[in-house]
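S.K.: Got a sequence here, can you model it:
(chains A, B and C)
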Amino acid sequence: MTMHIQLDRITKRYGRLIANDEVSLVVEAGTVHAIVGENGAGKSTLMNTLYGLVKPDSGTISINDEPVSFHGPRDAIARGIGMVHQHFMLVPSLSVADNVIIGSAPKRRGLIDRRRAREIVARVSEEYGLHIEPDPLVRDLPVGAQQRVEILKALHRGADVLILDEPTAVLTPPEAVELGRVIRQLTSVGKAVLFISHKLKEVMAVSDEITVMRRGRVTGHFAAAETDERELARTMVGRDVLTSVVKDASEPGDVRLDVRDLEAKDDRGQMAVRGVTIELRAGNITGIAGVEGNGQTELIECLAGLRPAESGSIELAQTDITRSTPRRRRDLGIGHIPEDRLKRGLAPNLSIEDNLVSTTYRQKRFTRFGVVRTAAVREEATAMIERFGIAGRPDQAIAALSGGNMQKVVVARELGGDPAVVLIAQPTRGVDVGAIENIHREIVALRDRGSAVLLVSAELDEVMSLSDDLYVMYDGQLVARLDPATADANEVGMHMAGISAVAEPELPAGGGGA
Amino acid sequence: MSLSAFFDADLLASTVRVAAPVLLAGLGGLITMRAGVYNIALEGQMITGCFAAIAVTAWTGNIYLGIVGGMLAGALVSALLALAVLRFGANDIVASIAINLLAAGLTAFLLHAIFGVQGTFRPDGMVGLPAIRIPLLEKVPILGPALSGQTLLVYVAVVLVAVTHIMLYRTPFGLAIRAVGEKPDAARTAGVSPTLVKAVSVLYSGLLSGIAGAHLALGYASEFTVGMTAGRGFTGFSAAIFGQLNPWYTWAASLMFGLAEALGLRVQLSSIALPPNVVQMVPYVLAIVAISVTCAIRAWRLGAARRREVAE
Amino acid sequence: MRKTTAARRLTDLLPGALQGIARQLFSLILAFLIVAVVLWVSGYNAGSVFATLLRSFVDDFHGMLRWATPLILTGLATAVAFRARIWNIGMDGQLYIGALTGTVVGLYVAPHLPGAVGIALVLLVSALGGALWALPAAILRVRWGVPEIITTILLIQVAALLVSWLVLGPLKGRGALGASLSSDQIPRNLWLHPLAWHKPATIGLYVSMVVAVFVGWYLMRSRHGFEIRTFGDNRQFSAYAGMSNRWIFVRTMMTSGALAGLAGGLELLGSMHRLPNDFAGNLGFQGVAVSLVAQNNPFAIIISGVFFGGLKNGGTSLQLYTDTPRDVVDVISAIVILVITARVGYQLFQRRAPHLLARFGRRRARSDA
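M.R.: Residues are numbered from 1 along each chain as shown, chains lettered A, B, ... in the order given. Below you'll find the predicted structure:
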């Protein structure tokens, strides 16, 4: 039962984007190997390659020194690889046993042998201490138990290597502790676990080996016993986007956006923003650093009006907008550059000009008596295209543009009108390295014109060099406020890793499971 | 006329009879919708079944071969739908609409092309399906006369409720259907092909709608008339929705639609001042209410944020 | 680099529109080829069938325009909804109700008004009736997420039964002429003027065409049209940009219903002059074909509406001159829809293919290769 998996110089490109750049990795039986990195670092692509969902452009996978080639998950499953996706592949309205046996049901006289299905669940659950009952419906189970059903499913299919994709992202702290226990039980019987995460504390607690990825490459490889969270955080966020943003000291003006004790839930109904209080001032860039998934997305969406506030208040220049619609907020001068610009920020089959005026089309200069004034729209669009250097004609469809130009359209629309407050999420995500500096300069210029900027970024360098005022968000709360000029990256990294946070149940250390 | 005279065994008997085609179409519809395909081509599958049943009976003189012909024709039409949707990626709703138009046109066309008549065709010496009397059941008061003496396909429909139930809840394939319809990715990662599952489901609905057509053509009219399904396929769709895509509830729903139709006929012949069409409307309105309540409960569970977006 | 893209744009621009037309024509030809095979197999002379059809387009020009009148409108109803990716397929129901409300006003209110005002009122009320019939489906959708496909289908049946009830009951006609199966005739001064003496097509055609041009303009130039297009392209985006998705949905659905209702009103005033028990004859579903061929473009819908009107009408000539059942034309429409929707789907399919290949593994890759 000694399994040994080797990934050798795996490379995968999507168009111009290199998702994996010569990534190599070795996984040994009976160990937990963690892969850490920010979203978009290429972890998921790598795991999907191993699971047969993605075919690499080059590089090889070998199991026990024998090269293999997977054409689909079935092949991977047959070679003993199991995967627990971040979004569970479970059918909510079916029972646990039914979910486990989909596609490989035990039969008796043509019908499903439910008794044997139950026995399978009971046996596997017993063997690995998963505490799963076969009969409840999956949708009635807490998230942690659903995850164990997924693990059970993989084990039932004979997995010797278990890939866990962001397993703790959806778990409550006690559930995470339970998962840690299960993982140790698995390794103690010789299973290998690949653990993908960006939560450093957990990674430290459960792994034996840690590989750090960043922008498609492996940037570090450590034995868990010989490293610490600070070092991991530094390797993870890297130092290679050193941009030389020249900016003067800010001259903070009056408070534009006043947020008090804001709480908001995520899509699953869990509280994701837990009592955030923050002031955005005119002519000032307020940065929020933090590992993704700590409530930043929800905070921004809540401020933009796309997510209801559970409690707390938001005031824009003395006007309460806590319950206002997105349109009202935009009318009052809030701009918003969303995290997923191509999905949320654009209508791909409409023209550039339509996209550019889609937030302002109600103004008198663009519509009169319910009729769009095309000449005015065209004029505005032409001016914006010129000003922001968008390579395209006003009537050209967005889908025909390059990714960079699509980004520019969003930026032009949101920043063109010099909004009073701008919410910017991950401004350089998916942007060519060459264009990053430009975007940074634009943000500073915006500040200098008097806007209040809220900048959320997972790129530590980015927030540190751009912000006039720096917060760190962890677990839905702003856990630290720092002066970006004097703060040290290690210190910020520590806050990001939640070390300064209020004490919470820790994952028991499980380094030497083998 | 007193109320007790109104709800007599005759009414029950005709309720059961007119419910049968609706039930058959509904059972097929619920399986396809469980697999995640909006199949509103039940109407077209059914009319094709009507035509083929009569045509085959006319050719062979054997009414049971006619039933088989109806089934196969229904399946053939559904295979066309499956081909368009699953192989060529056509939109299921638009393709279904096309199938309905096609079946309506093609049956009328073929009626002329093959039998040289228009409107209605009644083969010479045509005898409809015989009534089957069940001796023991007959003795049960009220229910007995209603349930006994129906034609073969009515009993087949009832048996198919159980068959559909067993298939959906007790067989590996049914498990695959439910997984594919609710979460295709879960099925796919478990090695189940959603395309295959959907294709088989659509074919099943074609078979059942074909039987429904055969019942309409051979069970009580013994003839083919252009457009004779008169929306029963859509009623079957409604019954499946009303029945929450569950075979037994769908049976109950189609009995309700059947009762409304039978009552409507009865009211028409009586002196009661209740308009028959209003009676027939009731189940449709109830179906809308039923699905709305189901959706409202789900929406309430998910919370407010997504609803405002009216996600596709 | 700028230069090359500019040059490509120039070459892309005009052929792009032509390519679209060519693709639709190709689909039509393919559909007709399939029908030819069906005819040939059934022992008919496909050549003479198509020739007769074509001749009827010319010979019975007015018959073609008579059917084009409602088909253009139901096509527009489809186009407006489909542009917003809203599945209103209950056009037949909205058409019924439009004719019904029009009849009520035509019988009881409009006779007391001057002719032109009366006609305008009847048509307006028809449109309103159709819009109101589309409203419940819209409200249920935005409030609780009830799929509009299901509700609009169910409401067709309810509308048909409602019309039957009223026609056979409270609105039952008194005259001798088929009185038991329809309402009273509406007064003659409300009838739409025929385009030529004793011809079936009426000035209702002008109404349809003007509405088509208006809808085209409305989608391209009005604020609501802009919202429909944005919503239809990316609902997440329209919400983010500050549009009210719920309100857009409701308004679009009502607009679509109003167009179908207007078709009912024109059928009433132009052709039927009374409300019969059962009359829609799939005008709503055929509107889907009209809109599909026109790629949901209101201007092109005028042309494809006339074409399908000609088909629908040509069935009669077919029966008269070639002894081919008129129902062939339904077969043609159906196959046109199938071919086009399958072609569009297949293109999407292929565009997505690289992803599909990567994700779903070997089986599909082989069958596609």
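S.K.: only C-alpha atoms for contact and neighbour calcs from this point on.
M.R.: Fine.
S.K.: Double-check that B:Leu86 belongs to a strand.
M.R.: No - using DSSP: H, G, I helix; E, B strand; the rest coil, the assignment for B:Leu86 is helix, not a strand.
S.K.: Around it, count how many other residues there are.
M.R.: Neighbours of B:Leu86 under the rule other C-alpha atoms under 10 Å in any protein chain shown: 22.
S.K.: Would you mind measuring from the nearest residue to it once chain neighbours are set aside to chain C?
M.R.: Nearest residue to B:Leu86, sequence neighbours excluded (C-alpha to C-alpha, 6 or more residues apart in numbering or on different chains): B:Thr195, at 6.3 Å. Distance of B:Thr195 to chain C, computed by C-alpha to the nearest C-alpha, to the nearest Å: 10 Å.
S.K.: Over to A:Ile163?
M.R.: Shown here: A:Ile163 relative to chain C, a distance of 17 Å by C-alpha to the nearest C-alpha.
S.K.: Name the residues that touch the helix or strand that contains that residue?
M.R.: Per DSSP states H and E: A:Ile163 is located in strand A:161-165. Residues outside strand A:161-165 that contact it (C-alpha atoms under 8 Å, 6 or more residues apart in numbering or on different chains) are A:3, A:29, A:44, A:47, A:80-86, A:151, A:154, A:191-197.
S.K.: go with 6 Å
M.R.: For strand A:161-165, contacts defined as C-alpha atoms under 6 Å, 6 or more residues apart in numbering or on different chains pick out A:81-86, A:191-196.
S.K.: now swap in stretch B:198-207 and tell me
M.R.: Stretch B:198-207 is contacted by residues B:28-29, B:31-32, B:35, B:45, B:71, B:74-75, B:78-79, B:82 when judged by C-alpha under 6 Å, 6+ apart.
S.K.: and A:Arg13, what is it in contact with?
M.R.: By C-alpha under 6 Å, 6+ apart, the contact set of A:Arg13 is A:Ala19.
S.K.: Look at it and give its secondary structure.
M.R.: Classification of A:Arg13 using three-state DSSP returns strand.
S.K.: which ones are touching B:Thr32?
M.R.: Counted by C-alpha under 6 Å, 6+ apart, B:Thr32 has contacts B:201-202.
S.K.: re the thing from before, quick one: the contacts of stretch B:198-207 as a markdown table, columns for secondary structure too.
M.R.: Listed next are these as a markdown table, based on three-state DSSP:
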| residue | secondary structure |
| --- | --- |
| B:Gly28 | helix |
| B:Gly29 | helix |
| B:Ile31 | helix |
| B:Thr32 | helix |
| B:Ala35 | coil |
| B:Gln45 | helix |
| B:Met71 | helix |
| B:Gly74 | helix |
| B:Ala75 | helix |
| B:Ser78 | helix |
| B:Ala79 | helix |
| B:Ala82 | helix |
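S.K.: Can you name the next helix or strand after the strand holding A:Ile163?
M.R.: Next along from strand A:161-165, by DSSP H and E: helix A:173-188.
S.K.: Would you mark the buried spots in that following helix?
M.R.: A:175-188 (16 or more other C-alpha atoms under 10 Å in any protein chain shown).
S.K.: Could you do stretch B:232-247 as well?
M.R.: B:232-247.
S.K.: For chain C, state which of those is nearest.
M.R.: B:Ser238 (6.8 Å; C-alpha to the nearest C-alpha).
S.K.: Give me the contact status of the helix or strand hosting that closest one with chain C.
M.R.: Using DSSP H and E, B:Ser238 sits within helix B:232-242. No - Helix B:232-242 stays clear of chain C (C-alpha under 6 Å from any C-alpha of the partner chain), getting no nearer than 6.8 Å.
S.K.: For that helix, give me every contacting residue.
M.R.: Residues outside helix B:232-242 that contact it (C-alpha under 6 Å, 6+ apart) are B:22, B:25-26, B:29-30, B:42-43, B:250, B:253-254, B:287.
S.K.: Flag every residue of the stretch 151-300 of chain C that's near chain B.
M.R.: Contact residues, the stretch 151-300 of chain C versus chain B (C-alpha under 6 Å from any C-alpha): C:158, C:161, C:165, C:245.
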